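Q: The following block contains a protein sequence and its predicted model.
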Amino acid sequence: MSDLSSTEPGTVLLIAAHPDDPEFGCGATIARWVQEGWRVVYVLCTRGEQGTHDVGADLEAVKRTREAEQRAAAAVLGVAEVRFLDYPDGLLEPTLALRKDLTREIRRYRPQRLICQSPNRILDSRGLRRNHPDHMAAGAAALAAVYPTASTPHLFPELLAAGFAPWIVPEIYVTESADPDVIIDVSETLDQKIAALRCHASQVRPGFEDRVRSWARELGERHGLRAAEAFRLIRQE
């Protein structure tokens with residue numbers, strides 16, 4: 001399946017583990033959807049304070065740097081809002097507390113589309129493909145929040161009492177999937193993704209631009225496009 005163009009623009013909620021995950025995972029798609037009139041909101045589970053190999057690093061300073069980088073990158077893509085839940089980086093688990101927090105954000109923003117990370121560790125012919133355990137935890141918690149929790153009024157009744165009414169998300173787009181079934185043409189927004197990734201100066205390494213372009217072009221070529229990003233789509237009614 002390629003692009004979905006029949007859905008009227010509304011709100012996209014992106015849930016991810018760390019700063020820079022949105023841009024690496026689907027930054028060009030976000031840029032495209034913003035251009036099409038979608039309002040995009042990020043919810044980051046952590047502030048990415050473990051994103052350093054300096055044993056003497058001030059982790060609070062790293063946290064501030066990564067938050068600032070994320071806000072700058074989001075601005076490049078036209079993202080409307082960035083929220084941080086402030087769970088500890090590197091130790092994220094799909095707890096009931098995290099599910100409750102994500103349920104609150106889903107009910108707050110009432111998105112037509114939700115993007116989350118895959119909860120799966122992928123094994124293929126080349127061995128173990130890296131997927132950060134925080135990514136898997138964020139994905140598992142997000143999917144559990146989407147269903148059944150966000151749509152069920154009697155789960156976390158304190159959210160209902162606080163005015164967060166149940167919500168069914170019609171479309172869920174899962175990144176890092178082993179079997180994607182939606183391919184998005186990002187030929188016109190790949191440069192914008194690269195520009196956003198440059199904002200994550202503490203994380204990107206020399207040569208990252210060529211690697212990111214190569215990944216997008218290789219995927220695109222398999223589907224008759226100049227560049228692409230891919231998702232596994234889950235629909236709810």
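A: Noted; the coordinates are in hand.
Q: any idea which helix or strand comes after the helix or strand hosting Thr29?
A: In this assignment (DSSP states H and E), Thr29 forms part of helix 21-35. Following helix 21-35 in sequence order, the next helix or strand is strand 39-46 (DSSP H and E).
Q: the inter-axis angle of that following strand versus helix 21-35?
A: Note on geometry: by axes from the mean of the first three to the mean of the last three C-alpha atoms, to 10 degrees, strand 39-46 and helix 21-35 are set 170 degrees apart in direction.
Q: Which residue lies closest in space to Val169, excluding its sequence neighbours?
A: Leaving aside its sequence neighbours, Val169 sits nearest to Leu114 (C-beta to C-beta, 6 or more residues apart in numbering; 4.7 Å). To be clear about C-beta, it is placed using only N, CA and C from the backbone, and glycine gets the same treatment.
Q: What separation is there between Lys193 and Met136?
A: Lys193 is 23 Å from Met136, where distance means C-beta to C-beta, to the nearest Å.
Q: Give the ranges of residues in this protein that sit below the confidence cut-off.
A: Low-confidence segments of the chain, defined by pLDDT under 70, span residues 1-7, 122-130.
Q: Show me the strands in it, by range?
A: 11-16, 39-46, 81-87, 113-117, 122-124, 127-129, 171-175, 182-185, 228-235 (DSSP state E).
Q: Buried deepest among those, which one?
A: Scoring the strands of the chain by mean neighbour count under mean count of other C-beta atoms under 10 Å gives strand 113-117 as the most buried, with a mean of 27.
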